[in-house]
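Asks: Have a look; sequence and predicted model below, questions after that.
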Amino acid sequence: GQQVMQIPQYQHVQEGEDFTTYCNSSTTLSNIQWYKQRPGGHPVFLIQLVKSGEVKKQKRLTFQFGEAKKNSSLHITATQTTDVGTYFCAGRKYNFNKFYFGSGTKLNVKP
Amino acid sequence: GAVVSQHPSRVICKSGTSVKIECRSLDFQATTMFWYRQFPKQSLMLMATSNEGSKATYEQGVEKDKFLINHASLTLSTLTVTSAHPEDSSFYICSASPGESGYTFGSGTRLTVV
């Protein structure tokens, strides 16, 4: 079953609005990764977070890892139509060499 | 950057036949590769971990005899869907990591069993 939960499932925004997707795990994670999958494409790695409370930025994207390393978020400022796609988080537990994906958040941006 | 090549991209087969999907790391060696399955509009479900030179590790609920995995070299892992049925129709995708950072995914294989 799902080991990493992600919300919301869908998000429709007007271009220029902000967007946030959240990931939650019932267990402490070693690290968490974020991926973007465009319609018809395959997941593309965005970033990895390792440290408790870590915050990383990539242009308009801000990634956070919770203090307890059980949750994470991806925030997009001023969305653009090129941001359309499904965003997945993938968490890895300690002592496990594999990642489990969240259910994904599908983002649609209206021009 | 690291590239993972997956073939075929699409395959249609008849029920009862077997289909082999290849996953290659082109510019790095991968002792471990991962196989996922993705249903329409759903997330990626980890099926198994492919280990070079040893048996694959399957996730709970995944039939070992149904989904045969072979990882004979440091750059190639194969997934064979045996005696395919329509319910096996799905998007299969592999991934591998060139290092400590993120995993690189293949382009996926769309399997349709008729």
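Replies: Yep, that arrived. Bear in mind the structure is a predicted one, so any value in this text is a computation, not a measurement.
Asks: Please make it C-alpha for all contacts and neighbour counts, starting now.
Replies: Noted.
Asks: Name the nearest residue to residue A:57, ignoring sequence neighbours.
Replies: residue A:63 (6.2 Å; Cα to Cα, 6 or more residues apart in numbering or on different chains).
Asks: how many neighbours does the one you found have?
Replies: Here the count is done by other Cα atoms under 10 Å in any protein chain shown, and residue A:63 has 22 residues near it.
Asks: Over to it. Which of the three states is it?
Replies: The assignment at residue A:63 comes out as strand when based on DSSP: H, G, I helix; E, B strand; the rest coil.
Asks: quick one: it and residue A:50 touch, right?
Replies: No - with contacts defined as Cα atoms under 8 Å, residue A:63 does not count as touching residue A:50, sitting 11.3 Å away.
Asks: same for the helix or strand of chain B with the lowest mean pLDDT, what does it pack against?
Replies: Within chain B, no helix or strand scores below strand B:104-105, which has a mean of 89 by mean pLDDT, DSSP states H and E. With contacts taken as 3 or more Cα pairs under 8 Å, 6 or more residues apart in numbering or on different chains; DSSP states H and E, strand B:104-105 sits against strand A:44-49, strand B:90-96.
Asks: Any idea how many residues pack against residue B:11?
Replies: Other residues close to residue B:11 by other Cα under 10 Å number 15.
Asks: how much space between it and residue B:90?
Replies: Counting by Cα to Cα, to the nearest Å, the gap from residue B:11 to residue B:90 is 10 Å.
Asks: where do the contact lists of those two overlap?
Replies: B:110-112 (Cα atoms under 8 Å, 6 or more residues apart in numbering or on different chains).
Asks: List just the nearest of these to chain A.
Replies: residue B:110 (10.3 Å; Cα to the nearest Cα).
Asks: For that closest one, list each beta-bridge partner.
Replies: residue B:10, residue B:91 (DSSP bridges).
Asks: Hmm, it is touching residue B:10, no?
Replies: Yes - the pair residue B:110 and residue B:10 passes the contact test of Cα under 8 Å, sitting 4.6 Å apart.
Asks: Compare those two and say which is more crowded by neighbours.
Replies: The residue with more neighbours, out of residue B:110 and residue B:10 and counting by other Cα under 10 Å, is residue B:110; that gives 19 against 13.
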